[in-house]
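# Got a sequence here, can you model it:
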Amino acid sequence: MCVENTPPPSSKLTRRGILAGAAALAGTTAALAAAAPRTAAAAESGAQRTSGAGQATTGDLVIEGGTLLDPATGEVTEDAVVVIVDGIVHAAGARSRTQVPDGIEKLDAQGSWILPGLVEAHVHLNTAAEARDAVRQGATSARSGSTNFYQDIAVRELARQVPQLAPRLQAAGVFVSPDLGDTILADPDLTPLAKLKDGVRSHEALRRVVEINLARGADVIKTRVNERAGLPEQDPQVQVYDREQLSAVVDAARRGGKGVLCHSYAEKGCHDAVMAGVRSIEHGAFIGEHTLQEMKRRGTYFTPTLSAMAGMVDSPDPILAERGRTFLAAAKERALAAHKMGVPLAAGTDSSGGKIKPIGREVELMREAGLPALDAIRTATTGAAKLLGLEGKAGRLARGFAGDVVLVDGDPLADVRVLKTPKRVVRSGVAL
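Numbering: from 1, shown residues only. I've put the predicted structure just below:
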């Protein structure tokens, strides 16, 4: 069956209905309703403010007395002050050189290290509860790895209205994959694809799924080139799309002004994805030097998701446990090789299924792979922020950047593991 002559994605009214269903599934509607009385009371007291109906809740806050780390430069400032006004950093630096406005709530950071909120480059946020867990573990910005029913788009809207409930999120919508499974039920515009004998494989069908995602408001497109590692019945070395098919996905995304992240494991699949023009390779346990060189030349990012592979090691399924051990060792080696070659790296946990891993765990594994501590931290700050197009907003605490902060007990340059358990998180100027 050809889908070339099907109508364009449905009207705004249908889009609203679909996304209302996604919000109900994600629980974001209930989360917003529960947050409304609290944010109204905080706004009345002057601790927070809202910019108007449907706009973000932000805060004014002075964080003082801790040790500030700037991941961009590596500069360490003792007895530092960070001034946040209306959710944006107004000033950051040594107390002796930073003017502190009167009448702003203060947060004592004595004994703590102050870092920018962390950036999670690959996570599956299906619910408001998962989003809350991610931000409370320090991930104040994130990129979705797709959801089955557009729940990530609902979570993104939750973050825009009440930032304290979710990371600033780039939503991927639904996965561009040969077998859409139950995702067919997410959208009436997807249902004609159920009749395709070979699944979503033709260039027309691939473009169609991308166009529907864009019509529903996706910020980025997620596709695959290999089967899954987390299912014992699948072989992650098996390729499901060739370079031409991947190029069809990339071209359709580019027409909408969006980039593509690609689930990949085998060297040939990774190389085909890079040559097709994807923005980032996800997983990439067996990516080769030739492909890494091409990634460096193109500026293609590598998100090795080491946490996901480490999570398989203790699986009761012997296939997955062995796969976890083999893939984790290989991916660590590839991450270090990429770093040494100058391939940009981003930290992503690939968390899904209701359990959100701390993004600090991915930094820990990057360090274990052999990256210097500061460079490991950069994969979850400046590096990931650039991948997400947030280099002027996230990843640092400097004037004009988002007022997203993590406080940790201990020096992360001496032991990055402190990032796994933030002492305090500030999102958009509001301390959680």
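
# give me the number of residues near residue 199?
If you count neighbours by other C-beta atoms under 10 Å, residue 199 ends up with 15. Backbone N, C-alpha and C define where each C-beta goes, glycine included.

# Wasn't it part of a strand?
No - judged by DSSP: H, G, I helix; E, B strand; the rest coil, residue 199 forms no part of a strand; its state is coil.

# pretty sure it is touching residue 179, no?
Yes - if you go by C-beta atoms under 8 Å, residue 199 and residue 179 touch, sitting 5.2 Å apart.

# From residue 160, how far out is residue 356?
From residue 356 over to residue 160 the distance is 20 Å, taken as C-beta to C-beta, to the nearest Å.

# okay, those two: which has more neighbours?
Neighbour comparison, residue 356 and residue 160: the larger count goes to residue 356, with 24 against 14 (by other C-beta under 10 Å).

# residue contacts, the more buried one?
Residues in contact with residue 356 (C-beta atoms under 8 Å, 6 or more residues apart in numbering) are 123, 125, 130, 133-134, 137, 349.

# do residue 168 as well
Counted by C-beta under 8 Å, 6+ apart, residue 168 has contacts 140-142, 159, 390, 393-394, 402, 404.

# pLDDT value on it, please?
pLDDT, residue 168: 98.

# Most neighbours among the contacts of residue 168, which one?
residue 142 (33 neighbours).

# Check the secondary structure at that one for me.
strand.

# Helices of the chain, residue ranges please.
12-26, 28-45, 128-136, 151-161, 203-215, 243-255, 267-276, 289-298, 306-312, 318-341, 359-369, 373-378, 382-387 (DSSP state H).

# Any chance of JSON lines for the ones you listed, columns mean pLDDT?
Output for these, formatted as JSON lines (pLDDT from 0 to 100):
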{"stretch": "helix 12-26", "mean pLDDT": "80"}
{"stretch": "helix 28-45", "mean pLDDT": "70"}
{"stretch": "helix 128-136", "mean pLDDT": "97"}
{"stretch": "helix 151-161", "mean pLDDT": "96"}
{"stretch": "helix 203-215", "mean pLDDT": "97"}
{"stretch": "helix 243-255", "mean pLDDT": "98"}
{"stretch": "helix 267-276", "mean pLDDT": "98"}
{"stretch": "helix 289-298", "mean pLDDT": "98"}
{"stretch": "helix 306-312", "mean pLDDT": "97"}
{"stretch": "helix 318-341", "mean pLDDT": "98"}
{"stretch": "helix 359-369", "mean pLDDT": "98"}
{"stretch": "helix 373-378", "mean pLDDT": "98"}
{"stretch": "helix 382-387", "mean pLDDT": "98"}
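
# Quick one: those helices as JSON lines, columns for distance to residue 417 too.
What follows is these, written out as JSON lines (distance: least, C-beta to C-beta, whole Å):
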{"stretch": "helix 12-26", "distance to residue 417": "31"}
{"stretch": "helix 28-45", "distance to residue 417": "31"}
{"stretch": "helix 128-136", "distance to residue 417": "18"}
{"stretch": "helix 151-161", "distance to residue 417": "27"}
{"stretch": "helix 203-215", "distance to residue 417": "37"}
{"stretch": "helix 243-255", "distance to residue 417": "37"}
{"stretch": "helix 267-276", "distance to residue 417": "30"}
{"stretch": "helix 289-298", "distance to residue 417": "28"}
{"stretch": "helix 306-312", "distance to residue 417": "13"}
{"stretch": "helix 318-341", "distance to residue 417": "16"}
{"stretch": "helix 359-369", "distance to residue 417": "5"}
{"stretch": "helix 373-378", "distance to residue 417": "10"}
{"stretch": "helix 382-387", "distance to residue 417": "19"}
